[in-house]
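*Asks:* My questions concern the predicted model and sequence given below.
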Amino acid sequence: MKNKIISGGLVTAMIVFAVPIALISFRYLSFEPIELITAKTAQVQSNVFWLAGFYLHITFGSIAILIGGFQFIGKLRDRFAAIHRTVGKIYVASVFISATAGLGIAIFAEGGIIGKSGFAALAVLWFYSNVRAYTAIRRVDIAEHRSWMTRNYALTFAAVTLRLWLPLCLAGFGMEFNTAYPIIAWLSWVPNILVAELIVRRIGRSVTVPGRPEQATA
C-alpha cells in the first residue's frame, strides 16, 4: 500500500492555492488601515480584544495555511521525518492559537447570527480536530493522526475557499454582500470537511508507515 494520504494532484492543487493566500494575508501585519479593518465600526476598531484576536488569528492562521499542505507530501514526510515533526509542531501550535482567536472574534463577524455561528462552528471544529490529531500522534497512532489532520487541514483551507466563494457569489451570482456573507460563512468550510471525510473513509486505516513508528510522528 502506498504511504500517502491524498493524491499528489490534490496536494499540489492545495499548495498552489494556499501559498499565495497565506502570503497575501501577511500584508495585514503591516498594521496599515485596510478594508477588512476599516469596514468595521469605530467601536470594534478600537476594541483591544478584537484587535488582538484579529492579528493572532491572521498571523498564525496564515502560518498554518502556508505550511500545512506540504505536510501531505509523502516523499518529503518520509525522507525528512525530523523536519516533518518540527513543522508539524509549528502547525499544531499555530492552529490552536488561530482557532482560539478565531472563536473570540467570531462574535464580531459580519452576516448576523448566521455568519457569526458559521465562523464560530468552524473555529470549534478546527480546534477539536487539531486536538484529536495531536493526541493521536502522541499515542503513535499514525493512521488516526493522518485522518484527523486531513480533516483539520480541510478546515484550515476554509481561508482559501472563502476567498474563492466570495467573488463568485458577488460577481458571478450577483448577490449582495449582506446576503452572500452569511452563506459563505458556512459554504467556505462545510464542503471542505465533507470532501475530507470522503477521503478519510476511502483510505480508512490502510496506511503503511516505513521505519520505526515513533519516527513517523508529525
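*Replies:* Yep, it's here. Numbers count the residues shown, from 1 in each chain.

*Asks:* any idea which residue sits dead centre in this structure?
*Replies:* T156 (0.7 Å; CA atoms, centre = their mean).

*Asks:* Which pLDDT value belongs to that residue?
*Replies:* pLDDT recorded at T156 is 98.

*Asks:* try V209
*Replies:* The model reports V209 with a pLDDT of 45.

*Asks:* ok, now the one 3 residues further on?
*Replies:* R212 is assigned a pLDDT of 43 by the prediction.

*Asks:* thinking N152 is in contact with F127, fair?
*Replies:* No: the criterion here is CB atoms under 8 Å, and N152 misses it with F127 at 9.4 Å. For every residue, glycine as well, the C-beta is placed using N, CA and C.

*Asks:* Helices of this structure, residue ranges please.
*Replies:* Remark: helices assigned in the chain by DSSP state H are 8-25, 35-38, 42-45, 48-68, 74-79, 81-105, 112-138, 142-156, 158-167, 177-187, 190-203.

*Asks:* got any residues that touch both of N152 and F127?
*Replies:* V95 (CB atoms under 8 Å, 6 or more residues apart in numbering).

*Asks:* Could you check which of those two is surrounded by more residues?
*Replies:* The residue with more neighbours, out of N152 and F127, is N152; 28 against 19, by other CB atoms under 10 Å.

*Asks:* Give the full set of residues in contact with the nearest residue to that one once chain neighbours are set aside.
*Replies:* In space, and not counting its chain neighbours, N152 is closest to S129: 4.1 Å by CB to CB, 6 or more residues apart in numbering. Neighbouring residues of S129 by CB under 8 Å, 6+ apart: W148, R151, N152, L155.

*Asks:* Of those, which is the most crowded?
*Replies:* Within the contacts of S129, most neighbours by other CB under 10 Å means N152, with 28 neighbours.

*Asks:* Against N178, how distant is that one?
*Replies:* 31 Å (CB to CB, to the nearest Å).

*Asks:* from the helices of the chain, which stretch is densest packed?
*Replies:* Each of the helices of the chain was scored by mean neighbour count; the highest is helix 142-156, a mean of 24, by mean count of other CB atoms under 10 Å.
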